[in-house]
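*Asks:* Sequence and computational prediction follow.
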Amino acid sequence: MTSLPSTINPRRRDIMTEYRLDPIEDLVGDLFVDRHDELRMCREWVERIPRWHLNSFAFVGRRRTGKTAILVKFFNELFHTQDRVIPVFISFARYLGRREAISYYDFAREYFGGYMRSYLAFRHRKPRLFGDDFDLSRLRRFARQVNDEYAIDLYDHYEGILAEKDISAAHGLAQWVINFPMGYARMENMPTAIIIDEFQVLTDVYDPRQDLHHDLTDSFQRASETHWAPLLVSGSAVTLLMEEALGGLLSGRIVAHHLGPLAREHTHDLVFRLAENQGLKVTEAFAEAVWQLTGGYPYSVRQLMVSPCAERHAYPSTKALEALMRHELTNPSGGLWQHYRREFHHYSRQLNEGPLTRNVVLWATKYPDERIDPDRLAEDLGAGVGEVLAALEKLQWIDVVQRTGLISYQGPGDPMLRRYVEYQHAVEIEKLAPAEAVRDWHEEYKRLRGRMSNFIGEVAEVYVEGVMRAFDGRDADGAACFNTPGTVRLPVFKKVERRGGIVKRGIPVEIDLTGECAETKAPYPEEPLGGSSAWLVQVKYTSEPIGPDDIRKFLNQTDQVISEKGYTDFTRWYFSKRGYTGDAEKCLQQAGVLYSSLAQFNALAKLVGFFGLPE
C-alpha cells in the first residue's frame, strides 16, 4: 500500500472533484461546534500510530452530546486526507435500547463487516461501499472483483471459524475478529485506527451455544495495547462505560475523555447557526437566554431551535421561547419530552421505580449543585439510609446522579432534565394541574428576563473570548478583519481572560480581555511575571459609534495593564459593534491599534470557525 506523508490536513481539497462523497454521512455538518479540541486529540492520536504504546482512548458522555459526530467527522477526514493509516469504523449504535443482548454472532458480523467495509472502501477509494446495500456477501463479491487477496483471505478465515460446530465456536469467532486487525496491521505494515461507537453495548453479549451472557469488553485487552491498531471508542452510558466497559482488564489501558455540555460562547454560536439554518431571527440576548435555560446541552439547544411548535416563528421573543420550552418538556409531542421519557424507560428494569426512588430523583434534580448526603436525604424523606443508598445507586447507573465519594453523590447539571423531572413529579405524584406544575418555571423565567439586559455587554465579551481561543497561528487579512494593511498573525494564546467584571448599561468600565501568548518565569516567586507577549482587547456594544474620547481612555487603560503585567510585546485591538466616528478612526490609526467593525469581526470569526454575531 503506497504511503503518503503522515501529516493530516483537514483543509485539503479532494483532488478529483470539489464534491467529496464522504463514506459516512455527516449529519451535523456546519452545526459542529465546540468539539474542535476533541478533533485535535483524534489527529494527534492517529499521528502516533504505530509509534506509541497504550495509545487507546475513549470519548465518554451522555447521549446526544456529540460523540458520534466527532467520530464520523474524524473518520471521513482520515478517509480523504491521508493514506498512511487505515481508518476502520464500527458502530453498535443500532443495538442501543434493545431489551435483548447482542449475540456473539451479531457482534462478529458487525465487527468484521465494519473492518472489511472500511478497509475495502479506503484501499480502493470506494466510499459507496458504506451504503446500506453492501452487506458481507456483497463486500466479498467486490473483493473478488478487484482481486484483493488480503480481503479474500480474511473472508475465508472468517467463514471457516463461523462453520465450526464446537460449543465454544461463537466465543472463538468473537476473539478472532477482535484480535486479527492488530496482527495483520503489523505483518502487512498497515497501521490501523479502530474506531468503535457505543462500546458499552459489549458489556452484555449473549453466547447462544452455551446459553451464557458475557462482558466482552475484557476481551479487548490485547487490542487496546497494540501499537499497530489502537482503539478509539465512544460510549453514552457514562457509569456503565466507566465502571464496567473501561474497568476490569481494560483499567488503565483506555484513557477516558469526558464530553460535557457546550461552553457558553459555543452555545451562542450554535444558536446563531441553527437560526440561519431554520430561517429564524435571533439576538445576542436570545442566545444568552437559550444558554441560561439549557446549560449548553446541545440536544436541548437544538430542540429549542428546531421544534415544530408554532411559537418558534415568533423568535426572538423571549415569551415565545418560554412557551416553546414548556411545550417541549410537557407535551408528548415535544422532542425533549420524548427524549427524557425514552431515557428513563430504557432503564426501567434497573430503576424499578417506586415512591422512594421518585423522591430521590426529585431531590437530586431540585438541588443539582449540592452534594447529596444520604443521611440528610433519608431524614428529609423519612426513609432508611440503606434504602436511599440503594436508590442512589440505581440512579447512578442511568446517569441521573454521579458518585463523588464513597457514599456521596451529585445531582445532574442538565437544567432541562431537572424541569422534566419536576413536572412529571408534580403531575403524577402531587396530582397538580399542568398549569400549576409549571408555575415555578414561569417565575424563574421572569427573573431571567429581568437580568437579561445586564448580560449583553458580558455576552459580547464571552463571544470575542471564544473567537480568541480559536486563534491557531494562521494569518488573517489585515484589511478585511482589522483595518490594517497586510496580514495579521493570529497567535495561539496560552491564556485568555476577561477583565471587565463591572458592566453599566451594557458597557464594560475597563479593558475587557487579555490574551497572553507566552510568558517568562520571574527570577523570584514574589515578583510578578513579565516579559510576555499579549493582546489587549476592548469590546463595545454601545448604541452609537465610538468616539475619540473612548479611544484615548482605552489607550490609557492598556498602558496601565502593560505596566502592571510587564508585557514587552503587545497588540491592541478594539471591537465596536456600531463602528467608529472619523476622529476615532484617526486616533486608532495614529496609535497603531487594530480595530474591527461588526462585519470585520464576523469575517474574523468565520475564519477561525465561529458563525459570527447577528446584525
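*Replies:* Nice, thanks for sending it over.

*Asks:* any idea of the mean pLDDT in the lengthiest helix in the chain?
*Replies:* The longest helix of the chain (DSSP state H) is helix 439-469. Averaging pLDDT along helix 439-469 gives 83.

*Asks:* Could you tell me which residues within that helix count as buried?
*Replies:* 441, 445, 448, 452, 455-469 (16 or more other Cβ atoms under 10 Å). (Glycine included, C-beta is placed from N, CA and C.)

*Asks:* helix or strand right after it?
*Replies:* Counting by DSSP states H and E, the element after helix 439-469 in chain order, helix or strand, is strand 475-477.

*Asks:* Against which helices or strands is that following strand packed?
*Replies:* strand 487-489, helix 598-607 (3 or more Cβ pairs under 8 Å, 6 or more residues apart in numbering; DSSP states H and E).

*Asks:* distance between the following helix or strand past that strand and the chain's centre?
*Replies:* Helices and strands here follow DSSP H and E; after strand 475-477, the next one along the chain is helix 478-482. Offset of helix 478-482 from its chain centre (Cα atoms, centre = their mean, to the nearest Å): 31 Å.

*Asks:* where does the stretch 151-300 of the chain dip in pLDDT?
*Replies:* Scanning the stretch 151-300 of the chain for pLDDT under 70 picks out the ranges 237-245, 248-249.

*Asks:* and if we set it to 80?
*Replies:* Along the stretch 151-300 of the chain, segments meeting pLDDT under 80 span 236-252.

*Asks:* Tell me the buried residues in the helix or strand A390 falls within?
*Replies:* A390 belongs to helix 385-397 when elements are defined using DSSP H and E. Residues E387, V388, L389, A390, A391, L392, K394, L395, Q396, W397 are the ones in helix 385-397 that count as buried (16+ other Cβ under 10 Å).

*Asks:* Taking helix 598-607 as reference, get the angle to the longest helix of the chain.
*Replies:* If you take axes from the mean of the first three to the mean of the last three Cα atoms, to 10 degrees, helix 439-469 sits at 80 degrees to helix 598-607.

*Asks:* can I assume F493 sits in a strand?
*Replies:* No. When classified by DSSP: H, G, I helix; E, B strand; the rest coil, F493 is found to be coil rather than part of a strand.

*Asks:* In this structure it contacts R469, no?
*Replies:* Yes. The pair F493 / R469 is scored as a contact, 6.7 Å apart, by Cβ atoms under 8 Å.

*Asks:* I'd like to know which of the helices and strands packed on strand 475-477 is closest to R273.
*Replies:* Smallest distance to R273 across these (Cβ to Cβ): 11.0 Å, for helix 598-607.

*Asks:* Quick check: P415 vs L274, distance?
*Replies:* Remark: distance between P415 and L274 (Cβ to Cβ, to the nearest Å) = 19 Å.

*Asks:* mean confidence for the helix holding A390?
*Replies:* pLDDT averaged over helix 385-397 gives 81.

*Asks:* how about the helices of the stretch 301-450 of the chain, start to end?
*Replies:* According to DSSP state H, counting those that start in this stretch, the stretch 301-450 of the chain carries its helices in the segments 318-330, 335-346, 348-351, 355-366, 374-381, 385-397, 415-428, 434-437, 439-469.

*Asks:* residues of the second one that come out buried?
*Replies:* Read that as helix 335-346. Across helix 335-346, burial judged by 16+ other Cβ under 10 Å covers G335, L336, W337, H339, Y340, E343, F344, H346.

*Asks:* residue contacts, the first one?
*Replies:* Neighbouring residues of G335 by Cβ atoms under 8 Å, 6 or more residues apart in numbering: Q303, S307, E328.

*Asks:* again, only using 10 Å
*Replies:* Contact analysis of G335 by Cβ atoms under 10 Å, 6 or more residues apart in numbering lists Y299, S300, R302, Q303, L304, V306, S307, P308, C309, H327, E328, L329.

*Asks:* what about the residue nearest to the fifth one when sequence neighbours are not counted, neighbour count?
*Replies:* Distances taken as Cβ to Cβ, 6 or more residues apart in numbering place V290 nearest to L304, at 5.8 Å, with adjacent residues excluded. Other residues within reach of V290, judged by other Cβ atoms under 10 Å, total 22.

*Asks:* and the angle from the helix or strand where V290 lies to helix 415-428?
*Replies:* Using DSSP H and E, V290 falls within helix 284-294. Interaxial angle of helix 284-294 relative to helix 415-428 (the same axes, to 10 degrees): 60 degrees.

*Asks:* overlap in contacts of F493 and R469?
*Replies:* G515.

*Asks:* so E149 sits right up against R123, yeah?
*Replies:* No. Applying Cβ atoms under 10 Å as the test, E149 and R123 come out as separate, 11.7 Å apart.
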